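Asks: Predicted model and sequence follow; I will ask about them next.
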Amino acid sequence: MTERIVVGAALYDEGRLLAARRSAPPELAGRWELPGGKVEPGERPDEALVRELREELGVEAEPIARVPGQWPLKPGYVLWVWTAKLRSGAPEPLEDHDELRWLSPDEVWSVEWLDADVPAVAAAMECR
Ligand SMILES: Nc1nc2c([nH]c(=O)n2[C@H]2C[C@H](O)[C@@H](COP(=O)(O)OP(=O)(O)OP(=O)(O)O)O2)c(=O)[nH]1
């Protein structure tokens, strides 16, 4: 079975990284993640990233580069991350999240990231 790809955005603006706090499901609620979601069948991962940021945050974003690596999520799912920048709009927690926070480099570890995101965020910090 091939794994389903979940794309996450390391969205940077003026050197700060956007973190999003999940509102669901209960076992993940309250933990922080890179915004994104599942790639749909027939969709390119970078297209999925743009779509998810539009749906979840109400912004237009531009993927910059894939962050090397992939991180296992729940069985059957794997996380891929792109650095990205904002093209227009200001992110709002429209779907899946109840809080957003722009983190400066010294604040990046001040939130409780989902387990899978800890190594993914560390790798993304190398690609700023
Ligand atoms: N988006 C995202 N999901 C993550 C991260 N880390 C992590 O463990 N996950 C998990 C949470 C979910 O079980 C799964 C992604 O699901 P999702 O709910 O974001 O996907 P989606 O927007 O496509 O929503 P849906 O199809 O479930 O309605 O991966 C991350 O950094 N970003």
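Replies: Great, that's in hand. Numbers count the residues shown, from 1 in each chain.

Asks: give me the element the residue of the chain found nearest the ligand is part of.
Replies: Closest to the ligand within the chain is residue 37: 2.6 Å, counting by Cβ to the nearest ligand atom. (Glycine included, C-beta is placed from N, CA and C.) Using DSSP states H and E, residue 37 falls within strand 36-38.

Asks: Helix or strand next in line after that strand, which one?
Replies: Assigned by DSSP H and E, the successor of strand 36-38 is helix 45-57.

Asks: interface residues of the protein facing the ligand?
Replies: By the rule Cβ under 6 Å from any ligand atom, the part of the chain lying against the ligand is 6, 8, 28, 33-34, 36-38, 52, 73-74, 77, 79, 96, 114, 116-117.

Asks: circling back: and the residue of the chain closest to the ligand, what pLDDT?
Replies: Listed pLDDT for residue 37 reads 98.

Asks: What of the one 4 residues further on?
Replies: In this prediction, residue 41 carries a pLDDT score of 96.

Asks: So what's the residue count around it?
Replies: 6 (other Cβ atoms under 10 Å).

Asks: That one and residue 55, how far apart?
Replies: In this structure, residue 41 and residue 55 are 17 Å apart, going by Cβ to Cβ, to the nearest Å.

Asks: just residue 111 next, same as before
Replies: Taking Cβ to Cβ, one finds residue 111 at 22 Å from residue 55.

Asks: returning to what we had before: check contacts around the residue of the chain closest to the ligand.
Replies: Residue 37 sits next to 6-7, 48, 52, 55-56, 96 when contact means Cβ atoms under 8 Å, 6 or more residues apart in numbering.

Asks: For residue 109, see how far away the residue most central in space within the chain is.
Replies: The centre of the chain sits closest to residue 34, judged by Cα atoms, centre = their mean, with a distance of 2.4 Å. Note on residue 34: its distance to residue 109, by Cβ to Cβ, is 14 Å.

Asks: For residue 95, give me its contacts.
Replies: Taking Cβ under 8 Å, 6+ apart as the test, what residue 95 contacts is 55-56.

Asks: Would you list the phi and psi of it?
Replies: phi -150, psi 140 (degrees, to the nearest 10).
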